[in-house]
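1. Take a look and give me a structure for this.
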Amino acid sequence: MGITGVSTSPFDWGIPAIGFTNFGGLNDPLPSISRPQTFRTNDTLIWNHGKHNIHLGGELRRVEQNTETDPNARGTFSFTGYSTSNFSNGFPMAGTGYDFADFLLGLPQTTSVRFGCAGNGVSPVTGNCIPTVASNYLRTWVTTSFFQDDWRAGSHWTVNYGVRYEYYLPFSEKYGRLSDLSIGPGFTSPKLVTGLDPGSLPASLIHSDAHNFSPRVGIAYRPRIQHHLVIRSGYGVFYDGSIYSRMVTNMLDQPPFAAASTLTANPEQVLTLENGFPVQSPNTISNTYAADTNFRRPYAQSWNFVMEDELFRNVILSVGYVGTKGTKLDLLLSPDSVNPSASGSQQTSIPGVQQFLYETSGAASIYNGLQVTLRRQFHAGFSMSGYYTWSKSIDDAASVGGTGHNVPQDSFDLHAERALSNFDVRNKLVVNDTYEFPFGEQRHFLNRGGVAARMIGNWQISGVTTVQSGSPLTAQVGGNESNNNGSGVFASERADVTGLPVELPRSERGTEGWFNTAAFALPPSGKLGTAGRNTITGPGMVNFNMSLGRFFTFSREKNMRARFSINANNIFNHPNYTGIASTINAENYGWVTGVSAMRAVTLALRFNF
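-> Numbers count the residues shown, from 1 in each chain. Purely as a prediction, here's the structure:
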């Protein structure tokens with residue numbers, strides 16, 4: 001196809017990634033070779049002393065991750081209709097342009113690429129890059145220790161308390177092939193630093209966080225010994241131990257050790273399918289990612305209060321409150337996406353730097369949930385349990401989840417990102433039930449054998465029912481106006497609100513109109529949308545799974561048994577919608593775009609011996 005600027009290594013051969021606004025995209029899996037190795041030593045001391053059961057322990061762990069892969073070697077091209085649009089005052093006009101027309105002309109709006117170069121210290125922006133698959137050898141140490149005491153304080157009280165300490169070193173690369181941007185206040189004066197020449201930084205280019213103490217406490221209280229009422233409460237702090245392994249993959253395969261580019265078409269720089277990665281000035285920094293050198297590990301504080309009692313024989317009710325507060329959560333910014341002026345609407349850029357993502361620890365979340373559990377313990381061949389949760393989760397971590405957003409709409413106005421979490425589900429009910437038919441051996445009826453007992457004996461039916469409300473969605477801007485605020489490849493713009501209600505009456509919902517599409521409108525050219533994140537309630541789920549099975553005993557002495565079962569998922573064939581198009585200027589705006597699996601019946605025979 002004549003595409004230039006991508007990897008020519010046979011390891012990376014394949015089609016590029018192609019993205020559209022109105023159509024499904026194209027992609028081809030990227031090859032990779034990995035060889036992880038972990039060496040660890042740990043020990044635990046248990047000391048039972050009176051009413052105390054004390055555990056002391058620790059672990060030292062050496063982690064090595066060795067990989068060969070190129071993250072974006074074939075290039076990514078996004079077609080939005082920008083190039084075939086009419087323009088007014090430098091901005092594309094709504095209702096003009098078409099993504100597939102751009103594709104037929106070979107005119108993408110955004111492009112990105114990233115692959116390894118042979119040797120160290122090359123300058124891929126000048127074209128001095130010999131493509132080769134990137135080989136990386138990551139190294140880190142992890143140290144943990146803990147103290148825990150299970151204290152039987154009395155006949156009414158049990159207290160479990162302790163503290164855990166974790167020290168995770170950020171990953172370094174064996175040969176120093178890590179890249180980052182050292183950025184001044186206000187995202188000024190970016191400077192390229194590497195693991196070969198980190199200056200005042202450690203070889204990982206990120207300072208370690210040595211303050212990861214995690215206290216835990218749990219209390220169980222039974223007011224009256226002769227009664228079943230139990231009150232439980234607990235509090236704990238939990239740190240994200242995997243964050244460094246996720247961050248370091250973005251610091252690998254960056255200039256000067258790799259070719260990288262993130263470009264957006266404009267009148268001065270027309271991008272084509274053949275020349276989507278033109279050679280840049282030698283003074284241009286083309287790194288696509290930068291990490292906060294003082295990044296702090298995210299952590300969550302979790303607490304709960306639960307009351308449990310036996311209402312009737314074998315029937316137990318549990319009612320509890322659960323809360324979780326996330327602090328210093330992972331946050332992705334695009335610091336060159338908008339001008340931090342009062343208008344907050346005009347595109348700008350940091351001189352000498354291509355567009356990049358900046359990862360820091362600045363988001364927060366809060367979750368509150370009421371949890372009710374009613375259980376009937378297995379008795380007389382029947383058991384049943386129901387779990388109901390009424391909850392709400394709010395955060396400002398726009399980069400996390402599945403709305404399609406990678407960065408805030410305005411990286412200088414994070415307050416506007418505070419909204420329902422992408423995973424928020426307000427109501428959820430799960431019911432499990434099991435019933436053994438009262439026929440056959442050791443049952444009430446037909447327990448003396450015979451043809452009837454062999455045919456209808458030892459059967460069991462069980463089911464799982466799930467009913468839940470939908471997760472929220474965001475009205476976003478795509479197509480030829482997806483770069484209205486200069487966010488380029490990160491496409492984080494939202495629509496304007498019109499003041500009309502978002503939800504439609506249940507009787508008016510359909511596969512070509514799930515919510516009121518008139519509740520949102522395109523923002524004026526050059527302006528940011530006024531809609532918040534996650535203001536559309538997505539479709540819920542109703543699902544019934546059932547199983548009918550029977551046990552056969554061949555030999556009790558040799559424990560030889562078999563089980564035949566008929567399993568039905570979504571037995572009532574209820575359509576559960578899994579996708580709603582919320583891009584306001586897409587042809588399928590407001591439509592249902594996906595549905596979960598319909599009824600499936602399987603037969604299984606399992607033999608145990």
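2. can you list the residues that contact stretch 270-287?
-> Contacts to stretch 270-287, defined as CB atoms under 8 Å, 6 or more residues apart in numbering, come from residues 1-6, 75, 77, 83, 106-111, 113, 123-127, 179-181, 190, 192, 254-255, 260-263, 265, 269, 352-354, 356. Yep, even glycine has a C-beta here, placed from its N, CA and C like the rest.
3. Any stretches of the chain with poor pLDDT?
-> The chain contains residues with pLDDT under 70 at 119-127, 336-349, 398-406, 441-442, 444, 446-454, 484-491.
4. Show me the helices in it, by range?
-> Taking DSSP state H, the helices of the chain run over residues 99-105, 243-251, 451-456.
5. Quick one: list the elements packing against the second one.
-> Going back to what we said before, that points to helix 243-251. strand 135-151, strand 289-291, strand 357-379 (3 or more CB pairs under 8 Å, 6 or more residues apart in numbering; DSSP states H and E).
6. export these to JSON lines and tack on distance to L473 and mean neighbour count?
-> Listed next are those as JSON lines, based on distance: least, CB to CB, whole Å; neighbours: other CB atoms under 10 Å:
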{"stretch": "strand 135-151", "distance to L473": "36", "mean neighbour count": "17"}
{"stretch": "strand 289-291", "distance to L473": "27", "mean neighbour count": "24"}
{"stretch": "strand 357-379", "distance to L473": "18", "mean neighbour count": "17"}
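7. give the contact list for Q468.
-> Neighbouring residues of Q468 by CB under 8 Å, 6+ apart: 425, 427-429, 540-541.
8. 7 Å instead, please
-> Contacts for Q468 (CB atoms under 7 Å, 6 or more residues apart in numbering) come out as 425, 427-428, 540-541.
9. Could you identify the most distant pair in those?
-> Spatial extent of those (CB to CB) is set by the pair N427 and M541 at 10.9 Å.
10. higher neighbour count, those two?
-> M541 (18 against 13; other CB atoms under 10 Å).
11. before we move on, the earlier item: which of the contacts of stretch 270-287 count as buried?
-> If you count burial by 16 or more other CB atoms under 10 Å, the buried members of these come out as 3-6, 75, 77, 83, 106-111, 113, 123-125, 179-181, 190, 192, 254-255, 260-263, 265, 353-354, 356.
12. hang on, the earlier thing: tell me which of the helices of the chain is the most buried.
-> Comparing the helices of the chain by mean neighbour count (mean count of other CB atoms under 10 Å), helix 243-251 comes out on top with a mean of 19.
13. wait, V230 sits on P223?
-> No - counting by CB atoms under 7 Å, V230 stays clear of P223, with 8.7 Å between them.
14. Who has more neighbours out of the two?
-> Between V230 and P223, counted using other CB under 10 Å, the more crowded position is V230 (17 against 9).
15. From G386, how far out is that one?
-> 19 Å (CB to CB, to the nearest Å).
16. what do you get for I54?
-> For I54 relative to G386 (CB to CB), the value is 38 Å.
17. follow-up on the earlier one: closest to T324 out of the helices of the chain?
-> helix 243-251 (17.1 Å).
18. before we move on, back to that, would you format the helices and strands packed on helix 243-251 as TSV with distance to N66 included?
-> Shown next, in TSV, are those (distance: least, CB to CB, whole Å):
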stretch	distance to N66
strand 135-151	5
strand 289-291	21
strand 357-379	23
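19. what about the nearest residue to T517 once chain neighbours are set aside, how many residues close to it?
-> Leaving aside its chain neighbours, T517 sits nearest to G590 (4.2 Å; criterion: CB to CB, 6 or more residues apart in numbering). The local packing of G590 (other CB under 10 Å) involves 24 other residues.
20. just F382 next, same as before
-> So F382, with other CB under 10 Å, has 14 neighbours.
21. Please apply the same query to V601.
-> Residues near V601, counting by other CB under 10 Å, number 11.
22. One more: T21?
-> Neighbours of T21 under the rule other CB under 10 Å: 25.
23. how near is it to E587?
-> Computed as CB to CB, the T21 to E587 distance reads 8 Å.
24. So for those two, which residues contact both of them?
-> Counting by CB under 7 Å, 6+ apart, nothing touches both T21 and E587.
25. that older thread, got JSON lines for the contacts of Q468, with distance to N570 too?
-> As requested, the contacts of Q468 are arranged in JSON lines below (distance: CB to CB, whole Å):
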{"residue": "V425", "distance to N570": "19"}
{"residue": "N427", "distance to N570": "20"}
{"residue": "K428", "distance to N570": "17"}
{"residue": "G540", "distance to N570": "14"}
{"residue": "M541", "distance to N570": "10"}
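26. with the residues you listed in mind, which one is nearest to T583?
-> Out of those, the member with the shortest distance to T583 (by CB to CB) is G540, at 21.7 Å.
27. Would you confirm that the closest one contacts S469?
-> Yes - with contact defined as CB under 7 Å, G540 reaches S469; the gap is 4.6 Å.
28. Just the CA coordinates for stretch 412-428, please, in PDB.
-> C-alpha atoms of stretch 412-428 as PDB (Å, rounded to 0.1, in the frame of the first residue of the first chain):
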ATOM      1  CA  PHE A 412      -6.800  22.200  33.300                       C
ATOM      2  CA  ASP A 413     -10.300  21.800  34.600                       C
ATOM      3  CA  LEU A 414     -10.400  18.400  36.400                       C
ATOM      4  CA  HIS A 415     -13.400  19.500  38.500                       C
ATOM      5  CA  ALA A 416     -15.500  19.100  35.400                       C
ATOM      6  CA  GLU A 417     -14.600  15.400  35.300                       C
ATOM      7  CA  ARG A 418     -16.200  14.500  38.600                       C
ATOM      8  CA  ALA A 419     -19.200  12.300  37.900                       C
ATOM      9  CA  LEU A 420     -20.500   8.700  38.200                       C
ATOM     10  CA  SER A 421     -17.900   6.100  37.800                       C
ATOM     11  CA  ASN A 422     -17.900   4.100  34.600                       C
ATOM     12  CA  PHE A 423     -18.600   0.900  36.500                       C
ATOM     13  CA  ASP A 424     -21.400   2.400  38.600                       C
ATOM     14  CA  VAL A 425     -24.400   0.000  38.900                       C
ATOM     15  CA  ARG A 426     -27.100   1.500  41.200                       C
ATOM     16  CA  ASN A 427     -29.100  -1.700  41.800                       C
ATOM     17  CA  LYS A 428     -28.000  -5.400  41.600                       C
END
